[in-house]
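A.B. asks: sequence and predicted model, in that order:
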Amino acid sequence: MAIWVVGSSKINLGQNAGQTNQGDSAVAIGNVAGYTNQGVNAVAIGKAAGATSQPANSIVINASGIALNGSAAGFY
């Protein structure tokens with residue numbers, strides 16, 4: 001399911017992307033990317049990228065298909 005609400009500060013593309021507690025200005029692209037508790041200004045790209053508690057101001061790019069979560073602001 002793709003969700004893009006005009007005027008929203010959040011972007012979700014993919015099944016269950018940005019599902020729960022997605023922070024403002026966060027981007028989640030991919031199946032379960034940024035699934036729960038994605039931080040403010042966080043970017044998650046790929047299946048299960050930043051799936052659980054992705055920190056604010058972090059970028060997670062995942063091509064493994066296995067959940068990859070950052071631990072602090074930065075790039076993973």
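C.D. replies: Yep, it's here. All figures in this text were calculated on a predicted structure; none of them were measured in a lab. Numbering: from 1, shown residues only.
A.B. asks: number of residues surrounding the nearest residue to A48 once chain neighbours are set aside?
C.D. replies: Counting by C-beta to C-beta, 6 or more residues apart in numbering, A48 lies nearest to A67, which is 4.2 Å off, once chain neighbours are set aside. For the C-beta atoms, the positions are set from N, CA and C on the backbone; glycine is no exception. A67 is flanked by 15 other residues according to other C-beta atoms under 10 Å.
A.B. asks: residues contacting A67?
C.D. replies: V32, A48, A51, T52 (C-beta atoms under 8 Å, 6 or more residues apart in numbering).
A.B. asks: out of the residues you listed, grab the one that's most surrounded.
C.D. replies: A51 leads the contacts of A67 on contacts (other C-beta under 10 Å) with 27 neighbours.
A.B. asks: residue closest to the middle of this structure?
C.D. replies: For the chain, the residue nearest the mean C-alpha position is G34 (2.6 Å; C-alpha atoms, centre = their mean).
A.B. asks: V43 and A63, how far apart?
C.D. replies: 15 Å (C-beta to C-beta, to the nearest Å).
A.B. asks: more neighbours: those two, which one.
C.D. replies: A direct count of neighbours by other C-beta under 10 Å for V43 and A63 places V43 higher, at 22 against 10.
A.B. asks: need the pLDDT of that one.
C.D. replies: For V43, the pLDDT comes out at 97.
A.B. asks: the residue nearest to A73 when sequence neighbours are not counted: neighbouring residues, count only.
C.D. replies: Nearest non-adjacent residue to A73, counting by C-beta to C-beta, 6+ apart: N57, 4.0 Å away. By other C-beta under 10 Å, the residues close to N57 number 16.
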